[in-house]
Each structure stands twice: as C-alpha cells, then as structure tokens.
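Q: below is the sequence, then the predicted model.
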2 protein chains.
Amino acid sequence: MPPATRRDPSAARARVTLSDVARYVGVSVSVVSRELNGDPALRARPETRRRIHAAAKTLGYAPNHAARSLRLSRAFAIGVIVPELTNAIYDGLIRGIDDAADALGYQVLMGRTERIEPGADFLHRLVGEGRVDGFLVQRKDETDFHDFAHLIEAAAPIVLINSRGSRRGSVVLDDAAGARAAAEHLLDLGHRDIALIGGDIHSYTGRARERGFVEAINAAGMRRRSAWILHSGYSPEAGRLAVHELCAAGGRRPTGVVVANMNAAMGALLGAREIGLRVPEQLSVVAIHDAWIADYAWPPLTTVRMPQYQLAYEAMRLLHLRLAGERPQDVTITEPAPLLVRRESTAPPPKRLARGRAPSGESGDAAPGGAIGGGTPGS
Amino acid sequence: MPPATRRDPSAARARVTLSDVARYVGVSVSVVSRELNGDPALRARPETRRRIHAAAKTLGYAPNHAARSLRLSRAFAIGVIVPELTNAIYDGLIRGIDDAADALGYQVLMGRTERIEPGADFLHRLVGEGRVDGFLVQRKDETDFHDFAHLIEAAAPIVLINSRGSRRGSVVLDDAAGARAAAEHLLDLGHRDIALIGGDIHSYTGRARERGFVEAINAAGMRRRSAWILHSGYSPEAGRLAVHELCAAGGRRPTGVVVANMNAAMGALLGAREIGLRVPEQLSVVAIHDAWIADYAWPPLTTVRMPQYQLAYEAMRLLHLRLAGERPQDVTITEPAPLLVRRESTAPPPKRLARGRAPSGESGDAAPGGAIGGGTPGS
DNA sequence: CTGTTAGCGCTTTCAA
DNA sequence: TTGAAAGCGCTAACAG
C-alpha cells in the first residue's frame, strides 16, 4: 500500500458504505441491506433492526446509486422530452412529473425535443448507457412522429403525454371538454359568430379540441362556418396570422374566437391589435390552457384551465407501472374538469352585430349561469 | 443453472459489454477499454485499434454508465437549481447549460429551488447517493442564501450563476453595463425624469444594475431622485406595485422607467394600464433581459438583451474545471455586450413635461445615434 | 436469525 | 504489445 494517500485533491468526503454500517452494528452487510430495503423475507430481531436504522442515520449512510444501479440494471431515472422547457404552458406538466418522480424514487432528466431530432444519438446514448429507464414524451406537433417514436420505442418504454399512440401507453386530457367549455362561454355571452383557431389537424389535441368546439356549436343549434375553423397550430405567430386570416377580408367576421392554446392566444391578441380590433369590445378571445402570463396579457386573457398537473403525475405513474412490468395503458384525465377562468378578453358581442334571438342567459358582464366560477388565477 | 431463464418480462434488449467487444476482436477487455478511452499510454498496433473501433460500432457498444460511475466515483451528471424552470427568462440559461453539458459529457438534472428549501433532503440525497458531481445554482433573491449555499457547498462543488459568493466559483454578467444601456436609451430619447424599478438590494444583480443606472444618470449630468430608485424585486407583481408607487402620488412623476427584469416589466405595463398611463406616450418602459414574450406584450417591450446563453455555457465549463480539480474562479461575461432591442414601449417624453434643454440627439422616433441597432427579436 | 459469496461492467495496476 | 485480476458498493441466492 502506497504511503500517505491522504492527498485527495477534491473535498474527499468520506463515503459511508453498507459495510461501514454493518461493521458499526456488528452484523453482516446482507442483513443491513435487506433491512434497509425492507425485505419482508428478512427475519431479524427488532433490536437488530433498530440498531441498523440508528447506525445508518448516525453515520449518514446513503446507498451508492451507481452500485445499486449496476447491480439491479435499473437507472432509477427517466427522461422527459418536451418541445421547450421554458414555457409557462408546461409549468403544471413539469411540476406534476417532478412530484410524481420524487414520490416514486426517480430522478428526472429533461431534454429538449430538438436534441433528439437530428440523429437521435442523444436518446440512444441515454438508454444505451443505461442512464434512464424510460421516457415521458410530449410530442411537438410538427415533427413526424413515426420516425421519432419508433426510435424511442425500440430503445426503452415510453409514455406519451397529450397524444395517443398504439400500444405504447399514453395519457391525455379531456380536450374536447375543454374546447366545449370555451365555446359555451362565448355562446352564453351571446356570441353567434364564433371561430376556432385550432391546432394541427394531425395531432390528438388538435382533433379533440375541434370536436369539442363543434359539439358545442351544434348543441347550441347553430351552423358552423367551415371557414371559421382553422388548423393553425400552437405558436404565437400562428395565432397572430390566424386572426389576420379570419378578420382581414371585408366580409362577415366572427365576434368571438376560441384559441386552442394559450401561446397562440397571445399571438391572437397581437393580431387583433394590428388590425385595429378592440378586444373584447369587437372580438372576444378565450384560450385553452392557463398560466400566469394570462394575467399580464392585454387584455388579461380568459382561459380554460386544464388539469395538466394531474396529467403529468399520472403519466409518471404509468411509466413506473410499465417499468414494473405491467402492460401499457391509455388513460384520459377528466378530473378536475376544465375550469373557465374569466378575465377580460371576453364580453358580449357588439350590439350592432347581434342578430336573431337574444342571448340565452342574461346579458351584461355578469357570469352566466352555465359558466364555472370566476378565477383566482394562482390556483 | 436454472433452465430456460429466457422469460425476461421486459423488452430484454441484449446489453453489449466491453467483454463482448473484446471477445469479438479477440483481445482482452483492458485493451479495448484503454483504446476506447484514448489512453495515450496504450501501445497497440494500428490494425488492432481499427478492429476495436469497428467492432464497437457494429456491435453497438455503449459503455455502461453505472459501472463506469461506480468505478470512477463520478456521476457525470450535474444538478441545476433555478427558481423556476418554466420561465421564458431562463430560456438562454437552460440552453447554454444544456449545450455545454452535452459537449463536456454531463447529464443534467433540473431541480426547482423550492425542492431544496424545506429540509434540503433532496440535495443531500442527490450528492449522498452520488447521483451528481456538482451543482449550478441561480439563487432566488428572496431566499436566505447562507443557509442554502453552505448546505450545498458542504456536499458538493457548486458554481453560482448571477451571484457572487466567496470561494465558490461564480459567473455573472456585466449587469451594470446592461442597466447603463437601458438608462442611456431613455436619456437619448430626451427623458430627464427617470426611475429604476430595481432588484433586491441584497442581490448581486440588484446592486450591479442599480450602479449602472446611477452611473448613466450621473454621466448625463442629472441629479437622481432617490425616491425614484426602488428595490422591488423581479416578480411581475413587484413591477406592478412599483409603478403604482412611482406614479400614484399627485407630485412629479417619471416619464421613463428602467425595469431591472423582464417579468417585472410585464407587471409594470399592467400597473401603468391600471393607473391609466399610456405607454409609451406618457411613460416609457425599458427592461433588462429579452425573451420572446416581449414581442407579445402590449405595447411590445423594449429590452436590453443580455448574454445569458454565454453565461450559462461558461458556468458549466467552470464547474467542469472545478470537478477536474482546478480552483474556483469568479468570472464576468462581457461578450457579447448588452444589446438594446427597440420595440414600442419607449418613446420621447411628452412635450408638455419636457423642461430644460432639448434632447441631445435628434428627436422623433428615429433611433438616436447612441442606441445600438434595432432588434430582430429572434436572435 | 444471520453470514458468505458471486457478480453486475468497468478501469487500472502489474506482470508477462 | 497485450492479458489477468482486483475491486468500486450493492443485492440476492444459498448456506448455515
């Protein structure tokens, strides 16, 4: 043994290992290991158990992750792929995943979709090196999903968030209900000329939200104008252009618009300003999704809050189940129900444009009976 | 050996190990290991080297991370702690860290500040279990930093982002220059009554930005009113209240305000609307930091773009160096210089309030000579 | 009730 | 030029 190997350049925290604890207690490592892992097959006397836990605590024992991982061939970590991390829209999503992962003992690696697109080395490395056990992925609508998903699926179990994919496992929200709530809000205010600035027609959420929108319109006994259903996508820029498209031509224009996404709605507000349309006096805007930024939009944006947190929590739970060997499931989160948060971007339609029968509820700016309570934004 | 252990419930991807490669090539594992790791002490014939790389590629070899980590006592992962992930303001930061980490071979675990506050079990577990080698932390101004940092420091090397801490290692921006650029923009427009909605007085950025602001005011030969320097903090709500405070009283009010943070500036715009002040006609607002959301504010927000990406990249590099045994450094990122991005929230002050000499540059809404180029927001 | 031991895949020292 | 072997810390099968 070389003399004086004390010269450890880095902080040299002494790592406490299982055998340290075992020696301290005076038992073997296996007993300690099994006790600390709660092995039900272990039959030890209560006194021993107590001393083991006490020793672990006093010595500050923490199981070495690498060793555990090597031994069990599990990383106890999952990868999360979302289009962009730093978007207020994903706040609930990230928190839900984070909390669930913590509760289930996983670490979370966040990745941007763009990382995985080019050659997908990133993903393969992650699973190839055994760094993650599986993935939670929210697809970006524009990407060609088949390349992408099969790539991942080949490597590790995944659970899809906000989209359905055969035989994988997925969690979605009741997007139709969300869109319905948004449309009904406008109908209750007396609007009859309502447009949808929707998502990609190929995406699950895009289709579900369109369906909900159409259901509400039909239930109110109105004909929808197909020109007023747009499949714009979820970016601010898309929302901005959509408003131009809807309101530019000289003809009849909608008095209210449901925007399928909050970011797109921010763009829609800008588009309206560019055209010179006042919101909500001339155009009401209601968006699906809620986030703090809605309070600081101009005007503050009326939204439908969706249970993103619960969605994410459930997704993590499903992935955990899959990793434990269970079969993939496709679930839909319906609780809590979509909640309308009234702010200032919606109002009754302008008088001069109102035709036909009066609005079903009382007019004015009091919330109609059908609308769900007015929002404290913070939740 | 038990018969037929083929019944592997999960996908059962066959893991390719070093010894698989070695066997395939016909050499021993140590040669393969050293060749693949580029050990300069290895003296192997070129032919062997070639065959090793070829075999690794055809077999799809990926080094097992857990084993490597166990052997080397390094996690090859770092933890990132920011106040909130899902804030557009941290976009550059996250991307910079992510890119640098990727380039240097680290994985990134993201954590929210709130996770580490209560009992800090989270952090201790992370390092105690050897899951991360170190941390990059952007403190939340409000937290009591000493508890927090010592806690972390005790456990693992950290590099502070956007704050200075003795003997740790840190990276900051030239915040004074950013604030100076913002103030000079207002001065160039002809403003003489300028306020600062600043950050926490105890924070590095709060102080540096105040210093830059004061320097610009002094250099222009004006007396600053101390009532017009607020230490409000960086939240939207703080910005909103600050505007109320500055403009509520009947007395003289500023015609322009520098807001030390983009989120706070969103709040400031709201505050101005609540009071009935038109931006920029009656009040000009310029914020430090830039993000896509500035384009969708009303009016679109004039900002000073700071090199956050570079900051973050350098922080990761510094942490890497520390982990390699080098001494902590404190660095300041000055390149690229803060860049004024002109949008629509700033304009010359209202005529009726302008007193004293005329603005130094030409008036009107053309950019004065001193201002740096007008912005393409996307970068 | 508890201890011994093999081995997860890798790096690295030492020997040939 | 290359190989053998130890050992990182842990779990689990098996043996008392």
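A: Okay, I see it. Numbers count the residues shown, from 1 in each chain, chains lettered A, B, ... in the order given.

Q: residues touching the residue lying closest to residue A:160 once chain neighbours are set aside, list them.
A: Of all residues beyond its chain neighbours, the one nearest residue A:160 is residue A:170 (3.8 Å), with distances taken as CB to CB, 6 or more residues apart in numbering or on different chains. Any C-beta I mention is one placed from the backbone N, CA and C, and that applies to glycine too. By CB atoms under 8 Å, 6 or more residues apart in numbering or on different chains, residue A:170 lies in contact with A:159, A:160, A:161, A:163, A:164, A:328, A:330, A:331.

Q: any chance of those in JSON lines, plus secondary structure?
A: Shown next, in JSON lines, are the contacts of residue A:170 (DSSP: H, G, I helix; E, B strand; the rest coil):
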{"residue": "A:159", "secondary structure": "strand"}
{"residue": "A:160", "secondary structure": "strand"}
{"residue": "A:161", "secondary structure": "strand"}
{"residue": "A:163", "secondary structure": "coil"}
{"residue": "A:164", "secondary structure": "coil"}
{"residue": "A:328", "secondary structure": "coil"}
{"residue": "A:330", "secondary structure": "strand"}
{"residue": "A:331", "secondary structure": "strand"}
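
Q: could the residues you listed be laid out in JSON lines, adding neighbour count?
A: Converted to JSON lines, the contacts of residue A:170 look like this (neighbours: other CB atoms under 10 Å in any protein chain shown):
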{"residue": "A:159", "neighbour count": "28"}
{"residue": "A:160", "neighbour count": "25"}
{"residue": "A:161", "neighbour count": "26"}
{"residue": "A:163", "neighbour count": "20"}
{"residue": "A:164", "neighbour count": "15"}
{"residue": "A:328", "neighbour count": "18"}
{"residue": "A:330", "neighbour count": "16"}
{"residue": "A:331", "neighbour count": "15"}
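
Q: and the residue nearest the centre of chain A, what does it touch?
A: What sits nearest the mean C-alpha location of chain A, by CA atoms, centre = their mean, is residue A:93, with 3.3 Å. Contacts of residue A:93 were listed using CB under 8 Å, 6+ apart, and they are A:82, A:138, A:161, A:308, A:309, A:311, A:312.

Q: mind listing which of the residues you listed are in strands?
A: Judged by DSSP state E, the contacts of residue A:93 include A:82, A:138, A:161 as members of strands.

Q: now do the second one: how many residues are near it, please.
A: When you say that, I think you mean residue A:138. Neighbour count for residue A:138, taken as other CB atoms under 10 Å in any protein chain shown: 20.

Q: ditto for residue A:40
A: By the measure other CB under 10 Å, the count of residues near residue A:40 is 6.

Q: what's the answer for residue A:257, then?
A: The number of residues packed around residue A:257, counting by other CB under 10 Å, is 32.

Q: so it, which of the three states?
A: strand.

Q: that one against residue A:193, yeah?
A: No: contact between residue A:257 and residue A:193 fails when scored by CB atoms under 8 Å: they sit 9.6 Å apart.

Q: between the ones in strands among the contacts of residue A:93, which is closest to DNA strand C?
A: residue A:82 (30.1 Å; CB to the nearest atom of the strand).
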